[in-house]
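Colleague: coords below, sequence missing:
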Ligand SMILES: Nc1ncnc2c1ncn2[C@@H]1O[C@H](COP(=O)(O)OP(=O)(O)O)[C@@H](O)[C@H]1O
Ligand SMILES: [Mg+2]
């Protein structure tokens, strides 16, 4: 059976830099599964994640010719721009750490989600509103009618991140990539947003690729985990296995930094 997403021997070189920033990374995301990528800052997580939707600046970097990123068997690294535009947002969505870098300050959050929805689905503006309000409710926003008409800066960080999730899932993607999307939130808000994201993923049958430097997020949220260090995957497997018996010294170091996710002996 073909997996939903298969990153196959991804190698990335930045112009002028020695060596590869990403050096032979292979990651599999089966449909509906929650897969984590963990590693410290600079380990290549974001560059890897951005490759999936070809969001890296290809004027200053290049992919190795024998690398592939197959989405339902189709290689996105060689797909034409027109095909990538169809995939982005509609089949694969991505959310980032800073919602304010994606949200436009001069439009209400409702208007912005309506625009995203209508870019991918044939709704009139009037017909889109109740759909968007319902989506805001599904991401845990109770007064969704009121929030629809709010500007981004009028919302808290947690609410802004929920709005980003609503925008990302409005067209029912098969895969959501979250790059440190809950990292800026305080611990209780982070837990609540992860909880919402998890039940959404289950309800929609949506796979999630969760990029984080936080082993606690992996422990709470993910089924599988890939540990990255220096542009390579040093260890991967089901979260339960990796957390109980980390094979690689680097994984052991990451785990030691978060003592409370260690299982009680
Ligand atoms: N614009 C860039 N120019 C040159 N090198 C870059 C650029 N962006 C990323 N890199 C290289 O890729 C490595 C991985 O970066 P990144 O994927 O952003 O790390 P992470 O998300 O794990 O913190 C960096 O350490 C750097 O060497
Ligand atoms: Mg990053």
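Modeller: Ah, there it is. Since the model is a prediction, treat every value here as computed from it, not as a measurement. Numbers count the residues shown, from 1 in each chain. Ligands and ions are numbered 1, 2, ... in the order given.
Colleague: What are the contacting residues of the longest strand seen in the chain?
Modeller: Using DSSP state E, we find that the single longest strand of the chain is strand 5-14. With contact meaning CB atoms under 8 Å, 6 or more residues apart in numbering, strand 5-14 is reached by 19-29, 44, 47-48, 51-52, 56, 60-64, 66-71, 92, 175, 207, 209, 231. Yep, even glycine has a C-beta here, placed from its N, CA and C like the rest.
Colleague: On the three-state scheme, residue 23 is what?
Modeller: Secondary structure for residue 23, judged by DSSP: H, G, I helix; E, B strand; the rest coil, is strand.
Colleague: My understanding was that it contacts residue 229; is that so?
Modeller: No: the pair residue 23 / residue 229 is not scored as a contact, 10.6 Å apart, by CB atoms under 8 Å.
Colleague: Excluding sequence neighbours, find me the nearest residue to the one residue in the stretch 51-200 of the chain that gets nearest to ligand 1.
Modeller: Residue of the stretch 51-200 of the chain nearest ligand 1, by CB to the nearest ligand atom: residue 60 (6.0 Å). In space, and not counting its chain neighbours, residue 60 is closest to residue 15: 5.1 Å by CB to CB, 6 or more residues apart in numbering.
Colleague: likewise residue 172?
Modeller: residue 204 (6.1 Å).
Colleague: What separates the first and last residues of stretch 161-179, distance-wise?
Modeller: Its start and end residues considered, stretch 161-179 measures 12 Å (CA to CA, to the nearest Å).
Colleague: Which residues of the stretch 1-150 of the chain lie near ligand 1?
Modeller: Taking CB under 6 Å from any ligand atom as the criterion, the stretch 1-150 of the chain approaches ligand 1 at residues 14, 17, 21, 39, 41-47, 60.
Colleague: at 5 Å instead, please
Modeller: 14, 21, 41-47 (CB under 5 Å from any ligand atom).
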